[in-house]
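In: What shape does this take:
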Amino acid sequence: MYKDLPSIKALLDDRVEKYNQPAFIPNDPVSIPHRFSKKQDIEISGFFAAILAWGQRKTIINNCVKLMDFMDNAPHDFILHHQEQDLQRLLGFKHRTFNDTDLLYLVYFFQQYYQQHDTLETAFTGEQNGYGTQKERLEHFHNLVFNLEDAPQRTKKHIATPARKSACKRLNMYLRWMVRRDNAGVDFGLWDTMKMSELICPCDVHVERVARRLGLITRKGMDWETAAELTEHLKAFDPTDPVKYDYALFGLGIEEKF
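Out: Numbers count the residues shown, from 1 in each chain. Below you'll find the predicted structure:
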């Protein structure tokens, strides 16, 4: 890391204040779960918004709005109570390489899951919070999703896992939405089993580029260990809430071309 840590912390703290604001919401995929107030609707819509969050943000948001319309803008009710003919409207859905095969399987998984559970949180933590690290939680989630019979092999690439060395950017972003709580109103803070200090910083190309310029990443390549390295360095600035700096790094990268 660079030695001028106070200056880096001051820069990042300033940008957290700037970007961790309600004005951040409309142009970001987090706007999709903000359309809902019911906990399970936020969980489900947020999951799809996060999983589809690659490419141009406008396209991501438009496709997620379309998907929520297909689910009658009541995703939890649709997941639990849809009839066979209701699934017809999902046919042909596509976002980049994510297609209707992937969508239909995830709808099936969610139906099986929400018939037995009140919240998606336990899909990550286990029933008795048995998975202690974020790495273990994300690996458990991936294994759980694809534990059902006839799980499509092709869909596995859309749900990242540290077991494949992935940095798991989209799932870490989703967990930030669900777990982080503050007074800014961007993240939801719905889940309380995980601590904010346990979250791993989501690493997209913008975050990675800025973090490397600031000396917060030294590891070559981008994988789970790189994301963990960045998060450890961010804990030097705030050990209780390191991933709040995702706002600063992302904003510096995409808005300010730092």
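In: What strand or helix carries the most centrally placed residue in the chain?
Out: Centroid-nearest residue in the chain, with C-alpha atoms, centre = their mean: Y174, separated by 2.1 Å. Y174 is located in helix 169-179, with elements delineated by DSSP states H and E.
In: relative to helix 169-179, how tilted is the following helix or strand past that helix?
Out: Sequence order places helix 205-213 as the next helix or strand after helix 169-179, per DSSP H and E. Taking axes from the mean of the first three to the mean of the last three C-alpha atoms, to 10 degrees, one finds helix 205-213 and helix 169-179 inclined to each other by 90 degrees.
In: what is the mean pLDDT for the helix or strand following helix 205-213?
Out: Of the helices and strands lying after helix 205-213 in sequence (DSSP H and E), the nearest is helix 224-235. On average, the pLDDT along helix 224-235 is 98.
In: list the helices and strands helix 224-235 packs on?
Out: Here helix 224-235 touches helix 205-213, going by 3 or more C-beta pairs under 8 Å, 6 or more residues apart in numbering; DSSP states H and E. (Glycine included, C-beta is placed from N, CA and C.)
In: Give me every residue in contact with the helix it packs on, excluding its own residues.
Out: The contact list for helix 205-213, computed with C-beta atoms under 8 Å, 6 or more residues apart in numbering, reads 201, 203, 217, 222, 226, 230, 246, 249-250, 252-254, 258.
In: who are the neighbours in contact with H82?
Out: For H82, the contacting residues are V107, Q111, by C-beta under 8 Å, 6+ apart.
In: Now do the helix holding Y174: everything it contacts.
Out: For helix 169-179, contacts defined as C-beta under 8 Å, 6+ apart pick out 30, 33, 43, 46-47, 50-51, 53-54, 121, 124, 134, 138, 141, 159-160, 187-191, 194-196, 199-204, 227, 243, 246.
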